[in-house]
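Participant: give me coordinates for this.
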Amino acid sequence: MKFQLQTFANPARLLEADCDCLVVGFGGQKLKGLAKAIDQATGGLLARLRGEGEITGKAGQTLLLQAVSGLKARRLLLVGTEPPATGSGPDAAALARAAAKALAATRAAHVIWALGEDEGAWTHALLEMQQADYRFDAYRTGEQPPAPPERTLSFATADDKRHGAMHARLAQAQAIAHGVALTRDLGNTPPNICTPAYLADVAGTLAKDWGLEVEVHDRAGIEALGMQSFLAVSQGSTQEPRLIVLRYQGDKAKRAPVALVGKGVTFDSGGISIKPAEAMDEMKYDMCGAASVLGTLRACAEMRLKINLVGVIVACENMPAGNALKPGDVVRSLSGTTIEVLNTDAEGRLILCDALTYAQQRFQPDETIDIATLTGACVIALGHVRSGLYANDDGLGQALLAAGDKVSDPAWRMPLDAAYHESIKSRVADLANIGGRAGGSVTAACFLSRFVQGRWAHLDVAGTAWKSGADKGGTGRPVPLLAQYLIDRAAS
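Facilitator: Below is the predicted model of the structure:
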């Protein structure tokens, strides 16, 4: 997808714009601006459509019209912008999502976007259009629906003095969209293909294409490092584990990096504490934390952000076998902490604890953010709208929340009270890997917090990294949140 800026000092000039589709906001009882000009040029068409109830102007409502007399555009897409009764303005992301969904059903290649007049609204437009056009057909044979056309979004503006800043922001949005697409592709790839070794190969390709540094450790290398907790999870699988380290150097070498740590369980059966058969196929998405690290690094490299990043990915399968990790086993983490395994399906924290220790011991990051599809309890708490956010630093927590809100990838701050730690005490080891059913997402985060020093945040994306049902598939979250946070951090 391409984008460009087009200056129209007079909105009425858009009536003469040659394009496949003109996207226009429509709201309020009194037509204004471009909507008024279109209504006049079409002999009162918009007023008549509203009077007949074809479109009311309600926020998010859309109406696609073909070959409208008086317009050079071959299609006209009206998007309702009427604020809700509460008095707050319409959600720019929701409007962009509605428009993108309507456009995705068309073959419109050149689209002039006259819905919103600022970089924020346009950022949503690019991200939502890329999401709406996304396809994953790599493993389908036979007749396929036609691929979306190569689209160009032309953003209409009357302010040509700010073209440089506007173009820069749109380039950032496009880079984020590319990172989201990579993350979705990895999540959607079947688990017999997307193995730990496959993730390592993708990391190698990213490094080659975007000038990153990469290193990959196999089982012997991981064992030499002393990551026994990580290895314990992988020991029941015939797929060899991988520790993947990617480095992006966008700032001075002496500047401490931000560490992104991703859970990469490429298939999670639950191990000996095996999961129910229903929807177990979706456990291929248990590597979406790792995928989001790769997607974020790709986006930041494309943007050439002035920041240093290190991505640490622990990739393995969690399978039942005669030699698999068992409930009751005690394992020793890289930090030296011993862990009593009460449930082998709480494996994510067992691999992440070693990754967190490794990242901090080797890279001394300024701050560490881990991303994981960690707990079903987070889905119960927050559903599929907001990711769970835990942070031991208020400034970091607030900055991540603000970044997510900017790009419609929202999170919700969850507690880390000391009292929650009581439930992960063990009678035979330093820690237990579960703390009971109550507050399961919180106690999982508390477990991870025992392996970090300095500024740290944890994103539990079990409810947001993929969708179930008719539109099953990876979402690419939380790449927009992470990328926007790093953009803001690099600019500060």
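Participant: what's the helix or strand for the closest residue to I307 other than its chain neighbours?
Facilitator: Of all residues not flanking I307 in the chain, A490 sits nearest, at 4.3 Å (CB to CB, 6 or more residues apart in numbering). Yep, even glycine has a C-beta here, placed from its N, CA and C like the rest. Per DSSP states H and E, A490 falls inside helix 479-491.
Participant: likewise F155?
Facilitator: strand 152-157.
Participant: could you give the angle of the helix or strand that that strand is followed by to helix 479-491?
Facilitator: Sequence-wise, the next helix or strand downstream of strand 152-157 (DSSP H and E) is helix 163-188. Counting by axes from the mean of the first three to the mean of the last three CA atoms, to 10 degrees, helix 163-188 lies at 140 degrees to helix 479-491.
Participant: after helix 163-188, which helix or strand is next? Please name it.
Facilitator: Sequence-wise, the next helix or strand downstream of helix 163-188 (DSSP H and E) is helix 196-210.
Participant: buried sites along that following helix?
Facilitator: 196-200, 202-204, 206-207, 210 (16 or more other CB atoms under 10 Å).
Participant: same check, this time on stretch 246-264
Facilitator: Buried, per 16+ other CB under 10 Å, within stretch 246-264: 246-248, 250, 257-264.
Participant: do stretch 100-107 as well
Facilitator: Here stretch 100-107 shows 100, 102-104, 106 as buried, counting by 16+ other CB under 10 Å.
Participant: can you check stretch 332-340 too?
Facilitator: In stretch 332-340, counting by 16+ other CB under 10 Å, buried: 332-335, 337-340.
Participant: wait, the residue nearest to I307 sits on N308?
Facilitator: No: counting by CB atoms under 8 Å, A490 does not reach N308; the two are 9.8 Å apart.
Participant: any residues in contact with both of those two?
Facilitator: 250-251 (CB atoms under 8 Å, 6 or more residues apart in numbering).
Participant: okay, and which of the buried residues of stretch 100-107 map to strands?
Facilitator: Among the buried residues of stretch 100-107, no member falls in strands (DSSP state E).
Participant: now stretch 134-150: how far from the chain's centre is it?
Facilitator: 22 Å (CA atoms, centre = their mean, to the nearest Å).
Participant: now stretch 193-202
Facilitator: Per CA atoms, centre = their mean, the centroid offset for stretch 193-202 relative to its chain is 19 Å.
Participant: list the buried residues of stretch 51-71.
Facilitator: Within stretch 51-71, the residues that count as buried by 16+ other CB under 10 Å are 55, 57, 59-65, 68, 71.
Participant: hmm, T475 and W466 touching each other?
Facilitator: Yes: contact criterion CB under 8 Å: W466 and T475 qualify, at 6.0 Å.
Participant: can you pull the residues that touch both of those two?
Facilitator: With CB under 8 Å, 6+ apart, W466 and T475 have common neighbours G187.
Participant: for the closest residue in space to P196 that isn't next to it in sequence, helix, strand, or coil?
Facilitator: Of all residues not flanking P196 in the chain, A315 sits nearest, at 3.7 Å (CB to CB, 6+ apart). Under DSSP: H, G, I helix; E, B strand; the rest coil, A315 falls in the strand class.
Participant: alpha carbons only: can I get stretch 407-419 in PDB?
Facilitator: Provided in PDB are the C-alpha atoms of stretch 407-419 (Å, rounded to 0.1, in the frame of the first residue of the first chain):
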ATOM      1  CA  VAL A 407      -2.800   3.800  17.900                       C
ATOM      2  CA  SER A 408      -6.000   2.100  19.100                       C
ATOM      3  CA  ASP A 409      -4.100  -0.800  20.700                       C
ATOM      4  CA  PRO A 410      -5.300  -0.200  24.300                       C
ATOM      5  CA  ALA A 411      -4.000  -1.800  27.500                       C
ATOM      6  CA  TRP A 412      -5.200  -1.800  31.100                       C
ATOM      7  CA  ARG A 413      -2.900  -1.400  34.100                       C
ATOM      8  CA  MET A 414      -3.200  -4.300  36.500                       C
ATOM      9  CA  PRO A 415      -1.900  -4.600  40.100                       C
ATOM     10  CA  LEU A 416       1.400  -6.000  41.400                       C
ATOM     11  CA  ASP A 417       0.700  -5.700  45.200                       C
ATOM     12  CA  ALA A 418       3.100  -7.500  47.500                       C
ATOM     13  CA  ALA A 419       0.200  -9.500  49.000                       C
END
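Participant: name the residues that touch that stretch?
Facilitator: Contacts of stretch 407-419 (CB under 8 Å, 6+ apart): 93, 123-124, 127, 176, 381-382, 385-392, 397, 400-401, 404, 441-442, 445-446, 449, 459-460, 477-481, 483-484.
Participant: so who does D159 touch?
Facilitator: 7, 117, 166.
Participant: typo on my end, N392
Facilitator: Contacts of N392 (CB under 8 Å, 6+ apart): 416, 449, 452, 455-457.
Participant: so, low pLDDT: which residues of the stretch 1-150 of the chain?
Facilitator: 28, 85-90 (pLDDT under 70).
Participant: what segments of it are helices?
Facilitator: Taking DSSP state H, counting those that start in this stretch to define them, one finds helices in the stretch 1-150 of the chain at 33-41, 45-51, 92-104, 119-133.
Participant: what helices and strands are in contact with the second one?
Facilitator: Judged by 3 or more CB pairs under 8 Å, 6 or more residues apart in numbering; DSSP states H and E, helix 45-51 is in contact with helix 33-41.
Participant: name the residues of the helix it packs on that are buried.
Facilitator: Quick answer for helix 33-41 (16+ other CB under 10 Å): 34-35, 37-41.
Participant: cool, stretch 114-128 as well?
Facilitator: Quick answer for stretch 114-128 (16+ other CB under 10 Å): 114-117, 119, 121-128.
Participant: out of those, the closest to G295 would be?
Facilitator: G295 lies nearest to L127 out of these, by CB to CB, at 12.8 Å.
Participant: let's see which of the contacts of N392 end up in strands.
Facilitator: 455-457.
Participant: any idea which of those has the most stuff around it?
Facilitator: Comparing those by number of neighbours (other CB atoms under 10 Å), W456 comes first, having 25 neighbours.
Participant: please name the bridge partners of it.
Facilitator: T368 (DSSP bridges).
Participant: test my guess that it contacts T368.
Facilitator: Yes: when contacts are counted by CB under 8 Å, W456 is listed as touching T368 (4.8 Å).
Participant: overlap in contacts of these two?
Facilitator: The contact lists of W456 and T368 share L356, where a contact means CB under 8 Å, 6+ apart.
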